[in-house]
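>>> sequence below, structure please.
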Amino acid sequence: MESSKSDGYLVLCAYSIALLDLVSAVLFAVVSGMLYAKNNHWTSLVSMIFTIFWIIIIIVLAVGIYKRQLALIRCWLVFTCLGILLDGFILIYGLTLAVSVNWDGVKITVLPFVGLAVEMTFCLYHTSLVSGND
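As a prediction, this is how the structure comes out:
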């Protein structure tokens, strides 16, 4: 009985993560679309294309949660981890190119990355434990 309660809570948390991720993707799509409409630059177009892929991955997550298919959830998790790593590399690249650095801005930007790295490590560890029970 206790396991079904915790499973229900886990499913609710997973749907919440999917919903929040979808909100982020839609907001990113709106900003990318506005930038593309204003500047007509290729980077904004690439951002919009990436956002479509991001939304598809979120749909894969939701289907994986609904159908209880761990492989689909892993697909989303891998995509998310790669996105976090890419964001980190872009941050480091930007810092290396900067003539002067606003360290307060760097702290504000880096702290969420540290949290995401911890979350990513926990999720990968938890997924490896779950896959051992399959």
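>>> for the closest residue to Ile17 other than its chain neighbours, helix, strand, or coil?
Take Ile17 and drop its neighbours on the chain: the residue closest to it by C-beta to C-beta, 6 or more residues apart in numbering is Leu61, 7.8 Å away. In short, each C-beta sits where N, CA and C put it, glycine included. Three-state assignment for Leu61 (DSSP: H, G, I helix; E, B strand; the rest coil): helix.
>>> for Phe50, see how far away Leu61 is.
Here the distance between Leu61 and Phe50 works out to 16 Å (C-beta to C-beta, to the nearest Å).
>>> higher neighbour count, those two?
Taking Leu61 and Phe50 together and counting by other C-beta atoms under 10 Å, Leu61 has the greater number of neighbours (24 against 15).
>>> measure the more buried one to Leu19 for me?
Leu61 is 10 Å from Leu19, where distance means C-beta to C-beta.
>>> what is the burial count for Ala18?
By the measure other C-beta under 10 Å, the count of residues near Ala18 is 21.
>>> hey, which helix is longest across this protein?
helix 2-39 (DSSP state H).
>>> which elements pack onto that helix?
Applying 3 or more C-beta pairs under 8 Å, 6 or more residues apart in numbering; DSSP states H and E, we find helix 2-39 packed against helix 42-67.
>>> average pLDDT for the helix it packs on?
Helix 42-67 shows a mean pLDDT of 86.
>>> how far away from the center of its chain is that helix?
Taking C-alpha atoms, centre = their mean, to the nearest Å, one finds helix 42-67 lying 10 Å from the centre of the chain it belongs to.
>>> check which helices and strands the next helix or strand after it sits against.
Sequence order places helix 70-97 as the next helix or strand after helix 42-67, per DSSP states H and E. The criterion is 3+ C-beta pairs under 8 Å, 6+ apart, and the helices and strands that helix 70-97 contacts are helix 42-67, helix 103-132.
>>> what are the buried residues along helix 70-97?
Using 16 or more other C-beta atoms under 10 Å as the test for burial, helix 70-97 gives 72-74, 76-77, 79-81, 84.
>>> do stretch 30-49 as well
Burial within stretch 30-49, assessed by neighbour count using 16+ other C-beta under 10 Å, is assigned to 32, 35-36, 44, 47-48.
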